[in-house]
Structure formats: structure tokens, C-alpha cells
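Enquirer: This is the structure alone, sequence omitted:
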């Protein structure tokens, strides 16, 4: 008998000879791959006890259990030998109008969740060692904590025109004591090439060697940039073309690559995890002008790709492959290294590990937050004596109210602070004991929200979990464990959305309405409290209040902001205790201070524009211009508009002259002084031939190049939109003035009783 701690990378099930088999593959604390086979597993669902005896095509065992459904009716468990038997039987019973419960749960997920395993297990049993892997059959398992050293392979490929030929594969392999570079390239060996270049006579030879290398190097994690949807899918197609098995999984396992209807690409590879750069950054709340490798590398690493971004990449790769294969290989390798460095700088692998340890989801399933809720909630619900319905049996109920917005008041303001309800929705859940169990048992010591929704004060699961998470997050912040703190934030913030999703078996609009309507109540009542104290609330959105300080408070804004937040916390503690008999877990924080602040009106209206403002943010004695929701932060506006907006707001905040500067700016536009700043960029979301009516400008430009994917870069000429790759010396400057400069200017000039036309037209004759 031997015991090992194992971090589970992947889990899968199969039915073999009429039995359900679970296979878990992970890495031990000694960094050795481990395979765990569970062959003694009986898939299960539940039916009401009152259901008369029945026969099924598949063998089964029906046993009484001390559980009931949400209607309070007792249920029996029905066990099967295989998952196939379970699924067939579930459908058979459905056709007889017999409802099953929890028949839609994957065997691997059920096995792990019922044992409270969060991707980490201590395995005890007899060991079989084979092919550099340790194997256990039906071992004893229990939860544990482990942080192994993973081997990571960053992979990037280069292909020919229209992605028909494979030119090269670059690999950057890293681990605790490993840093290896490899380039596999089709072509005759060249003198002077570095030793990490490996030359092949054909694509087929290259592919065979690459697959052999994967098996020998045995990476745990594969990373890249669009690595699933482009690199891996291309390699898989190439292997099919040459009748080569695409065997890049461990233990002769499966390789499953596909595009999900919900958006994005998904990879399931036995024993290996694939993490794609752009979606990993998005899920970690990183924001960039775009998610091109060059853009992200420049911002995070202050370095970029070897082929300059202003060159035609496809043509340059073709030229290099014909004339300078060594430079092409180095370019290919640099992309792979950039991805490694971005992942390290953004701690994306560490964050994925933390999220897996916290949520219980395996690393290739981290976006499936309804499954994370199941993983946490279901086993605890069972121990409270209940089973849950199948997702398809959930009935949609009334509409869920969204976060409340206090109408913004357009204007230019001095001394504005922002107060923020810290983790508002999780705090509301914790304060009013909101979760599916407490709703179900709301007749047991009920507590009522401000809008009349009732929950049990003593029978609940989620509030305690949130309390644990908040304590862990505070400790993580104290230890500067940014990845754990971020992982906790992602998980906590998912609870509200999951309970309001039709894809959640615990969905009910009362749960989410209780949360959002309580949030509205808190925001509005906080506004009333502040106004009684003679503070002016100029805007509020979901969990934030923008408060104009009194005239003499600007010099002590931070101190004043903290004092106001403390007053509000005391107010809510007293009020919620007195009116609702609950302890308030709400925490209002002073977040930031703007010395100057602007809310613009909605175009064509006197009402304020929601989620659109700018301010001079004061931080540690320095001032920084900040835009929210405006053209400056939008990727589909030109550099011309963005730089114009920055300078215009600087002038307004600094009480500088505007009229002459604006006229001069327009004159320079017309004279070609900003031609390098006129490029639009927009991504194609579908094939250009699929656009039939109302064809957008970027699609018209793409048609001129026959471009079918990626981002289109184009300018507006007197002939219409033209891609930057084609001749465009007839730029339509009036378009840029009317569509890029004028809207930005008028949105704020109205607050000064000015307009773009009034300023520019006064000297229009002097322009031309």
C-alpha cells in the first residue's frame, strides 16, 4: 500500500463491458504523472417513493434513502451499472411521465463532489508503475492540499497562404528546472541555424516527430494564443490529411477539440490541460485595446513580435519561408516565448490552479460556473435531506430586476468621491441568508428582505460558504496572494449570476430578485441619508455612489470619504438590526477621489449618460485623467478621436482656451496632419459572404481583400471604406470631422454652452 497526494488535471468516464469506469489523471507531489481508475462506481438518480414498481430494459437497484425533493416528497435512489444504462432508463421513465432527479449529473463530477474533492486528493492503494506513470485501481481517496510543479509547453505554428501548408512548429517548454526551446521546420537544413532547429523533408515527417515529442516531453499544460481554435485544430486536420493519429493525449486517451455554440473553443485532452491566452486573460478581468498577441505583449512585457505589426504578416511569412527560414523560425519561437512570458506576468496558470482548488472544477472546465455551484451546493444539500431537480425540469419564472442606476446628473463638478459597497451581492446573500435551501425552508425562523422576500434564518448553506471565502480572501490579501484573492472574487461574484441562470438547477427569480431589489433599496436609501447630510449624489450604479463633497471638503477628500463610509456602515448596521432583525455584513468603502469630474448628457437629450464619465483622479498626490465608457476606452474608435478627447478634457479640466485650439485641430485634420491616426479596426464575427443586407463598413473593406476572419484595419475614403493594405490617398476628411471629432466635442461642449459647429463655422472660410 502506498499513499500519494495528487492534483487532478483531467477526469473522464467511459462504459466498458457494461460497467461505468472513471479515469482521473493528475500530477503527484513528486511531480510524477498519476492515473487513477475507479471501476466500482454505480451511477445514480432519484425518483419519488410513491412511484409504483416498474421494470426497465437495463438492470438496476432501487433503494430507499433519507432524502426528499423540493416538494417535500420522499425519494428512492436508483443505481445502475453503467452511465449508458442510466441515461436510457431516465429517458424510458420520462416517456412514462415519471420524473427523475439528478439524472443529468456527469459521473466524474458526482464522484468528486460527493467526496468534497476540489481537484486535490490523497490516494492510498496498491501501485502499478508503467510508462513513466503511476497507476492506482480503486484506491481509497480523501481531500488534501497539493501544489505540484507542472510542465508547461507553449506552442505556436506558422502556416502558408490561406492556412493550407504547415511551415513550422515552435515550442517553449518550461518547468521548475527546465527551459527548452524547439523549432520544427519543413525545409533543407541550413548552415548557421541554432541547435534547437530541427529540419524535415515534409509536413508528414514534422507531424510524426511533433507527436513523438509530445509523448516524450509529456507536458501537463499546453498554452498558446488562439491555440485551440487555430494551432491544435490545424494540426489535427493536417494529421487527418496524412492519416496520422493525432495522439497527443496521455495513456492513449482522447483528443476532443470543438467550437461551442455559447462561444469560444474547447479542448478536452486526456491528462493534459489546454489554456488559451485571450480567454484566460478576459476571465481574469484584464482589458486591452485588443487581444492580439502584439498588443498584449507590448502592454504587459514592453516587447513585441519580430515581424512588425505594420507589415502584411501573411506576405512577410511567405517571403521568409522562401528566403530566410531561420528568421521565420525565430519569429515563430518568439511568439511561443512571448506567450510563456505573458502567462507568467499575468499569473494565468497559478490563477487557474487556484480556481480549480477553490471551485472543485478541473482546470479544463473553469468557465462552467453552474457546475461549480453544483459541486459546492449539491453534496451539502443532500446532507440537509434534499435532492435537486434536473436542469431541464426547471420552470422559468418572472423577470429578474437588474442593478439599480441613480440617474446621472450632467455637469462639470469639483471634488467628487466614490463610495463602493464591497462585494455587494455576496454581502446581501450573507446578511439576509439567501440561497435555494433557505428559500425552500423559509417557514423556519423566517427573515424578510426589504422587498418582502422570505428566507430561513437558520437553514442555509451559501451564506456560510461566503463567510469562509471572505475570510480566505482577507488572508490572501494580507499574504499578497493575488491569485487566491482573484480566484475567490471570481467564484463569489458568480453566485448571483448562476442562481439567475436558466442553466442552473437551483434557478428561481425570487433568489436573484431578492438580491437585486435589496441592492436597489440600499443604494437609494444611502442616497437619501447622504442628502439629509447635505451631500449631493450625482450618480449611482449598482454598488457605487458618486458624491460631490461640500465646498471646503476638497482639501481633505480622502479623510472625508472614509468618515462618510464609516457613518454609512454604522447607519446600516443600526437600521438593518432594528427593522429586519439581521446583522449587517455590508461594508461601504471609500474608493477614490476626483478633483474634477464630468458627466456628459445622452446624445440628443438633457438626461445624463449612464456609465459614461471622466475625471481627474487623485492618487498619492498625483493626478491622472480617467475615462469610463467613453470613446477613449472603446476599441472601435480611431486614435484621432481618442487623442482629441484626451486633449479636449485636459483643456476643460485645466480651464484652458478651447475655441482656437479646436479650429486649429480641424484644420490639421483637413490638411492631412493626422493621417496616421485615422485607422478603424473591427473584428469579423462571421464569413463576409454571410452579410447580405446593411453591410457594415469593416465588411466592405474586408471584401476588397477577400479577408474572412480576424480584425479588419481600414480607413474611410471618398470611395468608401478601404483596407489599409490598399491605396488610400483620397481620405474623406469630412467623414472623420463629422463622425469622430464632432460627436466627442459636442458631448461635453454643451456643458460649457458651446457647440462644435458654432466654434468651427465662425472661421470656416479661412480653412479652405
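Expert: Thanks, I have the structure now. Predicted model only: the values in this text are computed from it and were never measured. Numbering: from 1, shown residues only.
Enquirer: What's the separation between residue 667 and residue 734?
Expert: 13 Å (CB to CB, to the nearest Å). C-betas here are computed from N, CA, C, even on glycine.
Enquirer: Compare the two (neighbour count), which wins?
Expert: Just comparing residue 667 and residue 734: by other CB atoms under 10 Å the higher neighbour count belongs to residue 667, 15 against 12.
Enquirer: so is the more buried one in a helix, a strand, or just coil?
Expert: With DSSP: H, G, I helix; E, B strand; the rest coil as the basis, residue 667 sits in helix.
Enquirer: what residue ranges in this protein score low on pLDDT?
Expert: Counting by pLDDT under 70, the ranges of the chain that qualify are 262-263, 306-312, 398-399, 604, 631-633, 635, 762-768.
Enquirer: Domain boundaries for it, per the record?
Expert: Domain ranges of the chain: 2-143, 152-359, 394-609, 635-766, per automatic domain parsing.
Enquirer: export the ones you listed to CSV and tack on distance to residue 628?
Expert: Shown next, in CSV, are those (distance: least, CB to CB, whole Å):
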stretch, distance to residue 628
domain 2-143, 36
domain 152-359, 12
domain 394-609, 10
domain 635-766, 12
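Enquirer: Tell me which of those lies nearest to residue 626.
Expert: domain 394-609 (7.7 Å; CB to CB).
Enquirer: before we move on, back to that, please name whichever of the domains of the chain is nearest to residue 378.
Expert: Of all the domains of the chain, it is domain 2-143 that lies closest to residue 378, at 6.0 Å by CB to CB.
Enquirer: ok, now how distant is the spatially closest residue to residue 741 that is not a sequence neighbour from residue 747?
Expert: Spatial nearest neighbour of residue 741, excluding adjacent residues (CB to CB, 6 or more residues apart in numbering): residue 644 at 5.8 Å. For residue 644, the distance to residue 747 equals 12 Å [CB to CB].
Enquirer: Just give me the residue closest to the centre of the protein.
Expert: Residue closest to the average C-alpha location in the chain (CA atoms, centre = their mean): residue 283, at 2.0 Å.
Enquirer: by contact count, what packs against the helix or strand encompassing residue 492?
Expert: Secondary structure assigned from DSSP states H and E places residue 492 in helix 482-499. Helix 482-499 makes packing contacts with helix 348-359, helix 369-383, helix 424-432, helix 462-478, helix 509-532 when contacts are defined by 3 or more CB pairs under 8 Å, 6 or more residues apart in numbering; DSSP states H and E.
Enquirer: Which residues are in contact with the residue nearest to the centre of the chain?
Expert: Contacts for residue 283 (CB atoms under 8 Å, 6 or more residues apart in numbering) come out as 366, 367, 490.
Enquirer: Likewise for residue 643?
Expert: If you count contacts by CB under 8 Å, 6+ apart, residue 643 has them with residue 677.
Enquirer: buried set for the strand or helix carrying it?
Expert: Assessed by DSSP H and E, residue 643 sits inside helix 639-653. Across helix 639-653, burial judged by 16 or more other CB atoms under 10 Å covers 640, 641, 642, 644, 645, 648, 649, 652, 653.
Enquirer: my guess is residue 19 meets residue 82, correct?
Expert: Yes: at 6.1 Å, residue 19 and residue 82 qualify as touching, with contact defined as CB atoms under 8 Å.
Enquirer: These two: which is more packed in?
Expert: residue 82 (23 against 15).
Enquirer: how far away is the more buried one from residue 110?
Expert: Counting by CB to CB, the gap from residue 82 to residue 110 is 14 Å.
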